[in-house]
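Peer 1: sharing a sequence plus its predicted fold:
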Protein chains: 2
Amino acid sequence: MQNRTNEDMKKIKEILENNTALEHAITLLSWDLETEAPALAAEKISKTLGYLTGESYSMIINDEFKKLVYGINTEELSEIDRKIIEEVKKESFEKMEKIPKDEFQKYSELRVLSVRKWEEAKRKNDYSIFKDYLKQMIEFNKKFIKYRGYTGNPYNTLLDDYEPEAAVEELDKFFDKIKNELSPFIKKVTEKEKSENELAVIEKFKNMNFDIQKQEEFSKYLLDIIKFSFEKGVLKESEHPFTTEFSNKDVRITTHYYENNLLSSIYSTIHEGGHALYEQHIGDEVADTVLGGGVSMGIHESQSRIYENMFGRSIEFIEFIYPKMDEMFNLSEKGIGKKELYKLANEVERQFIRTESDELTYPIHILIRYELEKEIFGNLDEETDVDALAVKWADKYEEYLGIRPSTYTEGILQDVHWAEGLFGYFPSYALGTAYAAQIYDAINKKVNIKEEMKKGEFNQINEILKENIHKYGKMKTPKEIIKDMTGEDFDSRYYIDYLKEKFSEIYGLDK
Amino acid sequence: MQNRTNEDMKKIKEILENNTALEHAITLLSWDLETEAPALAAEKISKTLGYLTGESYSMIINDEFKKLVYGINTEELSEIDRKIIEEVKKESFEKMEKIPKDEFQKYSELRVLSVRKWEEAKRKNDYSIFKDYLKQMIEFNKKFIKYRGYTGNPYNTLLDDYEPEAAVEELDKFFDKIKNELSPFIKKVTEKEKSENELAVIEKFKNMNFDIQKQEEFSKYLLDIIKFSFEKGVLKESEHPFTTEFSNKDVRITTHYYENNLLSSIYSTIHEGGHALYEQHIGDEVADTVLGGGVSMGIHESQSRIYENMFGRSIEFIEFIYPKMDEMFNLSEKGIGKKELYKLANEVERQFIRTESDELTYPIHILIRYELEKEIFGNLDEETDVDALAVKWADKYEEYLGIRPSTYTEGILQDVHWAEGLFGYFPSYALGTAYAAQIYDAINKKVNIKEEMKKGEFNQINEILKENIHKYGKMKTPKEIIKDMTGEDFDSRYYIDYLKEKFSEIYGLDK
């Protein structure tokens, strides 16, 4: 029997390997579209993407391959091979197969159009250009939930795509804490009046100009510090910063440079750098299999946020990078010292745009999207009123942050996610940041993080994260990773406490 | 019957379209490897390339498709469809099919290794690292010639890949003229002594430093002048400048910037810009079919060389771009005026490296390679002695240019072509430049080129080239293009005369 199993597993791996080649090409085409391709190339690229996506679907979704996968005696397999079979069953046959190929392709085509319409609508601040596409994207996803089935709330099926095992029942508790415990605290912070001197520093910084080439150089310096490997990675520029991985030896990130906003490129770079380290550290034995890549959006986001916020925005790290920054950008000359820079990097402000928001108000932006998505997908048979949705968006900003967007661009049109069909994706941003706080605490038991930050020393920290999270790829579930690393289940306490402590200190408040 | 033909043609086109998608991905992976991918990504990229290349081969080389292609009644087809069938028969079934798939794949794998070994050998100036790979590449190509068959000289089969219908019998006559008519003239030019002032200008220019970012900006300015479309194209940097086309709406070129050599980036950019214009102007009706892309290496090179040399190195064009150059690089401050710049851009020098050679000595570099390749592939049954080949290389440089390379890097290792298996490719460089001279004459009958150059005006010239050459893609043969555009068959007279006239004037000599 063992022989038969070995032979079947060999066949399965061969097919998966060929599929990896197709995915490699698909990912490269998408990366190219975002970073490099000329404007008029988009049509041909989408066509090629359509063909390769169809090929990839057919290579996996067919009776012969299904028979192989379900027929194999998993008890005779090594641990990795067993996990590979589990992953294929889950991703290919429990998810993808249930959606008919023609609908899958129609949806892929719609998505390309939808993103273009969204771009135009956002640029023109004209919701009417996009709203019908949004509606179609929503209705497609409702149909897909029906095909795929669900447990508890229908929205759970979407949530599971980005954070396996996360469900409305659990997220409700998490967001309740954000609402009940964090909201009053945010109110206190944002209502605290600033001194004239503080206001002057903010004003001065806003009016400074930072050479783009120097920002680029500084971004590379930061990546060197956190030990991003340029032999296994690339840094580029794109409209919205993102990370793309082709293998653990080819991880590409982008950042964005604004002439009057140095902090934006710095923290985008460190954020994507955190994602990239995760991918570069994935073990060779799983890297090019279906177990390669980070295990979930939530765990991924925990890594980008821990580097960006908990390490990168700490007073110790800022003091460490300050001399180099000062040398390159003449900060002290303008009266911006280490302390001022720290405050600027941790400035709390109630504002409309999620991606520009600070560490403290960030989860409120997510809470709003979570509540809206829960409402949309909580009932599959009720048609979504996309006009009402835009109003609800504004209402919630008013309710939770006390500000009401006066344009669609500042409101419902701000994020690309829904245009791309990424429903259920947002919650993992907040969840990831909450994981990060708990993970921070676990690392800190092994090594004094503040001391390391003072030296700009990432070797030990990287090693701990690699050994406990990164190297596994998808070998462990997110819950297993958190439990094994921190010794307990996920607890949002760490996150709430971390935020209150940090910002109480900065703003001179009681927690 | 017509119905049956339409249906079959539809099937054929569908398969070719799918194959175009694979080729799009393959080309992008190669472009990425050369321009962007991190060092350690190469292994995975070659693997993906190997898989996709195999898929592309199998999609076309199979009995079913062959039956379709040979079964169709070409008399019932439109002109374009008939040409498509001809092209598929020639490229797929008369060439590719004759080489067994396993040898094709083995050869592809060897080529990746061979290029790496060549790089190392060139860097270390150690021929022993590469010579066995060179030998294998040569022997593979001899075997392929046997599989494919040949008419006249076996070398003709390779020549035909890059310049259809070019053959030893014809090229011998061409290169004889170069040898007999041009060589004595080159001798006169290179032996002419320079004045002290001329030597001083050269020395000063060599010692100037040109900011890389400014060179980049200037390259974009040049591409704007010649009407390269950035909506349909991209400019990047790479070790060796080259052009890659994905469609007529996505044409990518690279250049190379050297801090002490401004002319290198300028003329690399215009050269690749010429290739790119050809591709951007290909008609929509053929662009994404097998008839898309330039018709041959020779015709392609005629376009890059006409922009680079005949337009770009003309006194009128140099006078036109001078003010902008002076503004950006402070030339006049260093005593380099328009006339001096023109002389610098047309400096004739006997040197070892083909890619750095001037317009006048360039064909001698090609002549040498042509003679060596003719010797290698003239007899398929005699094993090539690669040690002797390196010596012959040096001998020929001594014979034709009066200089003998003292290192392999300056000699047989300088070009990547043989490492990549591109035998028969070199002659089309010289042939292309000769075409360019004849094409120049034909354009000049319709529009006064010198007057256009004085204004930096390319609209009319581009239009003439587009209408007579570019738009056809592979719809016409190279010979048809030359004949239809110039009213006569190819005649190397134009080339020889052009060179003698231009350089007699610059060097104050009788022709």
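Peer 2: Ah, there it is. Residues are numbered from 1 along each chain as shown, chains lettered A, B, ... in the order given.

Peer 1: CA atoms for contacts and neighbours, from now on please.
Peer 2: Fine.

Peer 1: torsion angles phi and psi at the nearest residue to A:Leu291 once chain neighbours are set aside?
Peer 2: Nearest non-adjacent residue to A:Leu291, counting by CA to CA, 6 or more residues apart in numbering or on different chains: A:Lys474, 4.7 Å away. The phi/psi pair for A:Lys474 (degrees, to the nearest 10) reads phi -100, psi 20.

Peer 1: tell me how many other residues crowd A:Lys474.
Peer 2: 24 (other CA atoms under 10 Å in any protein chain shown).

Peer 1: okay but it is in contact with A:Asp288, surely?
Peer 2: No - A:Lys474 is not in contact with A:Asp288 according to CA atoms under 8 Å; the separation is 11.6 Å.

Peer 1: what is in contact with those two at once?
Peer 2: With contacts defined as CA atoms under 8 Å, 6 or more residues apart in numbering or on different chains, no residue is shared by A:Lys474 and A:Asp288.

Peer 1: where does the stretch 51-200 of chain A have low pLDDT?
Peer 2: The stretch 51-200 of chain A contains no residues with pLDDT under 70.

Peer 1: A:Leu113: neighbour count?
Peer 2: A:Leu113: 17 neighbours (other CA under 10 Å).

Peer 1: what residues does chain A put near chain B?
Peer 2: For chain A, the contact set with chain B under CA under 8 Å from any CA of the partner chain comprises A:18, A:21-22, A:24-26, A:28-29, A:36-41, A:44, A:47-48, A:51-52, A:230-234, A:247, A:249-250.

Peer 1: ok, A:Trp43 to A:Gly50 distance?
Peer 2: Not quite, residue A:43 is Glu, not Trp. 11 Å (CA to CA, to the nearest Å).

Peer 1: those two: which is more packed in?
Peer 2: Relative neighbour count places A:Gly50 above the other of A:Glu43 and A:Gly50, with 18 against 12, counting by other CA under 10 Å.

Peer 1: with adjacent residues omitted, what lies nearest to A:Ile469?
Peer 2: A:Ile469 sits nearest to A:Ile481 (CA to CA, 6+ apart), 6.4 Å away.

Peer 1: that neighbour and chain B: what is the separation?
Peer 2: A:Ile481 sits 28 Å away from chain B, going by CA to the nearest CA, to the nearest Å.

Peer 1: least confident secondary structure element in chain A?
Peer 2: helix A:101-124 (a mean of 87; mean pLDDT, DSSP states H and E).

Peer 1: contacts for it?
Peer 2: In contact with helix A:101-124 (CA under 8 Å, 6+ apart) are residues A:46, A:50, A:54, A:57, A:127-130, A:133-134, A:137, A:140, A:408-409, A:413-414, A:416, A:419-421.

Peer 1: circling back to that earlier point, just the buried members of the residues of chain A next to chain B?
Peer 2: Buried residues within the residues of chain A next to chain B, counting neighbours by 16 or more other CA atoms under 10 Å in any protein chain shown: A:18, A:21-22, A:24-26, A:28-29, A:36-38, A:40-41, A:44, A:48, A:51-52, A:230, A:232-234, A:247, A:249-250.

Peer 1: do a quick rundown of the strands in the stretch 151-300 of chain A.
Peer 2: Using DSSP state E, counting those that start in this stretch, the strands of the stretch 151-300 of chain A run over A:233-237, A:243-247, A:250-255.
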